[in-house]
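Peer 1: just the structure for this:
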Amino acid sequence: MGTEAFRLAVLSREHVDRAAAFFNYKPGGSDDIALRKNMVSGDWTVILAADGDTDIGGAYINWTPKYQVYQRMDLPEIQDLRVSPGHRRRGIATAIIEMAENQARQADKMGMGLSVGLHAGYGDAQRLYARIGYIPDGYGITYDRITVPAGEARKIDDDLALMLLKFF
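Peer 2: Okay, the predicted model is just below:
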């Protein structure tokens, strides 16, 4: 694990271009439009980690998540957590999650939700989330945030996920 320092920032609405650049959203694409709309409205809070002038990690808190279980429980969801490959295993993802959890506590939320993909590409994230106290919500797997009934098949891609919870 590296010992280099990094700093975290909660981006203001005026820094939407910085967020879009970090997440590499295509200008005018659906992800870019959603980011801009939701940052400006306050429905998403973006957290970025920087090493010097370079953004190396980030995620956003979705205060109005699509997943119905989180809606019923009034839980925000950490989404699109990522750390640049050359900067992993330095505690950056953990620090971003901790900052997101602190934002949720300050908003008087009782916990936080997040999802994790099921294929091997998410192995490190699966282990991290378990290590820091996130547990499955008990409703099984989802595809695009909709529970998959037993016996139904789904493509194994980034939309096939296990929804996790952590209560404060």
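Peer 1: pLDDT score for the residue located most distally from the centre of the chain?
Peer 2: What lies farthest from the middle of the chain is Gly151; by Cα atoms, centre = their mean that is 28.6 Å. What the model reports as pLDDT for Gly151 is 96.
Peer 1: swap in Glu4?
Peer 2: For Glu4, pLDDT reads 61.
Peer 1: gap between the helix or strand harbouring Gly140 and the chain center?
Peer 2: Assigned by DSSP states H and E, Gly140 belongs to strand 135-143. Between the centre of strand 135-143 and the centre of its chain there are 16 Å (Cα atoms, centre = their mean, to the nearest Å).
Peer 1: could you pull out the buried residues of that strand?
Peer 2: Buried residues in strand 135-143, counted by 16 or more other Cβ atoms under 10 Å: Asp137, Thr142. The way it works is simple: take the backbone N, C-alpha and C, and place the C-beta from them, glycine included.
Peer 1: can you check the distance spanned by stretch 152-160, start to finish?
Peer 2: 12 Å (Cα to Cα, to the nearest Å).
Peer 1: ok now that stretch, how far from the chain's centre?
Peer 2: On Cα atoms, centre = their mean, the centre of stretch 152-160 falls 19 Å from that of its chain.
Peer 1: buried stuff in it?
Peer 2: Quick answer for stretch 152-160 (16+ other Cβ under 10 Å): Leu160.
Peer 1: repeat for stretch 61-77
Peer 2: Ile61, Asn62, Trp63, Pro65, Tyr67, Val69, Tyr70, Leu75, Pro76, Glu77.
Peer 1: stretch 5-22 now?
Peer 2: With burial defined by 16+ other Cβ under 10 Å, the residues of stretch 5-22 counted as buried are Phe6, Leu8, Leu11, His15, Val16, Arg18, Ala19, Ala20, Phe22.
Peer 1: between those, which is closest to Thr147?
Peer 2: Distance to Thr147 across the buried residues of stretch 5-22 (Cβ to Cβ) is lowest for Ala19, with 29.9 Å.
Peer 1: how much space between the closest one and Met39?
Peer 2: 6 Å (Cβ to Cβ, to the nearest Å).
Peer 1: overlap in contacts, the two.
Peer 2: Common contact partners of Ala19 and Met39 (Cβ atoms under 8 Å, 6 or more residues apart in numbering): Leu11, Val46, Tyr60.
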